[in-house]
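[1] Next input, structure requested:
(one chain, ligands or ions: 2)
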Amino acid sequence: MSKERTFVMIKPDAVQRGLTGEIISRFEKKGIKLVAMKMISVDTKLAEKHYGIHRGKSFFEPTVKYIISSPVVAMVLEGENVINMVRGMMGETDPQKAALGTIRGDFGQFIGRNIVHGSDGPDTAKFEINLWFKTEEISKYKKIDEGWLQE
Ligand code: IDP
Ligand code: MG
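    Ligands and ions are numbered 1, 2, ... in the order given. Predicted coordinates for the structure are as follows:
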């Protein structure tokens, strides 16, 4: 294991439903380090690039519409194994199938309104972080709990 970064987006439904703080809080309480964050009104071009691998699928256009419908909160999280850890905390894509205790399992009901996005692997994470953030928007700092988080 080595230090990784992942891209997380709190989707429009979660921002509108007042879940932004709750979701960020879960990552904070887990001890995950937040290194970048901003609210964005996403345009079609960015949404289509972000979901580019799904172009041609039946849910591509509805998903792009969903993401541009209202602001999102975009973040970069950093830590060992953070990509898989965040995917686990999010739960399965379909909130009906996501386990209780996960973000999607606790707060969502429908696959087309599934609360949160997290990169699915190291290559995707790199691509998505570059797409959404400039290098200078990502902070480098030492967090005071680092010595207490691991043995
Ligand atoms: P993921 O977000 O868990 O990685 P993907 O399969 O990569 O799931 O799908 C990307 C996004 O597209 C989902 O998070 C969801 O917003 C949307 N999506 C995927 N499958 C469906 C579907 O069957 N109906 C509606 N929306 C879907
Ligand atoms: Mg995906």
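[2] For the chain, which residues score under the pLDDT cut-off?
    1 (pLDDT under 70).
[3] Which residues of it lie near ligand 1?
    For the chain, the residues in contact with ligand 1 (Cβ under 6 Å from any ligand atom) are 54, 59, 62, 63, 93, 111, 112, 114, 117, 120. Placement of C-beta: from N, CA and C, glycine included.
[4] got the CA coordinates for the helix or strand that the fourth one is a member of in PDB?
    Looking back up the chat, that one is residue 63. Element membership for residue 63 (DSSP states H and E) is helix 60-68. Provided in PDB are the C-alpha atoms of helix 60-68 (Å, rounded to 0.1, in the frame of the first residue of the first chain):
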ATOM      1  CA  PHE A  60     -25.200   8.300 -20.200                       C
ATOM      2  CA  GLU A  61     -27.500  11.200 -21.200                       C
ATOM      3  CA  PRO A  62     -29.700  11.100 -18.000                       C
ATOM      4  CA  THR A  63     -26.600  11.000 -15.900                       C
ATOM      5  CA  VAL A  64     -25.100  14.000 -17.600                       C
ATOM      6  CA  LYS A  65     -28.400  15.900 -17.100                       C
ATOM      7  CA  TYR A  66     -28.400  14.900 -13.500                       C
ATOM      8  CA  ILE A  67     -24.900  16.200 -12.800                       C
ATOM      9  CA  ILE A  68     -25.500  19.600 -14.500                       C
END
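[5] Report the buried residues of it.
    60, 63, 64, 66, 67, 68 (16 or more other Cβ atoms under 10 Å).
[6] Show me where this structure has its helices.
    Taking DSSP state H to define them, one finds helices in the chain at 12-16, 20-30, 44-50, 60-68, 82-90, 103-107, 122-132, 146-149.
[7] can you redo those as JSON lines with distance to residue 3?
    Output for the helices of the chain, formatted as JSON lines (distance: least, Cβ to Cβ, whole Å):
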{"stretch": "helix 12-16", "distance to residue 3": "27"}
{"stretch": "helix 20-30", "distance to residue 3": "16"}
{"stretch": "helix 44-50", "distance to residue 3": "24"}
{"stretch": "helix 60-68", "distance to residue 3": "28"}
{"stretch": "helix 82-90", "distance to residue 3": "8"}
{"stretch": "helix 103-107", "distance to residue 3": "23"}
{"stretch": "helix 122-132", "distance to residue 3": "12"}
{"stretch": "helix 146-149", "distance to residue 3": "11"}
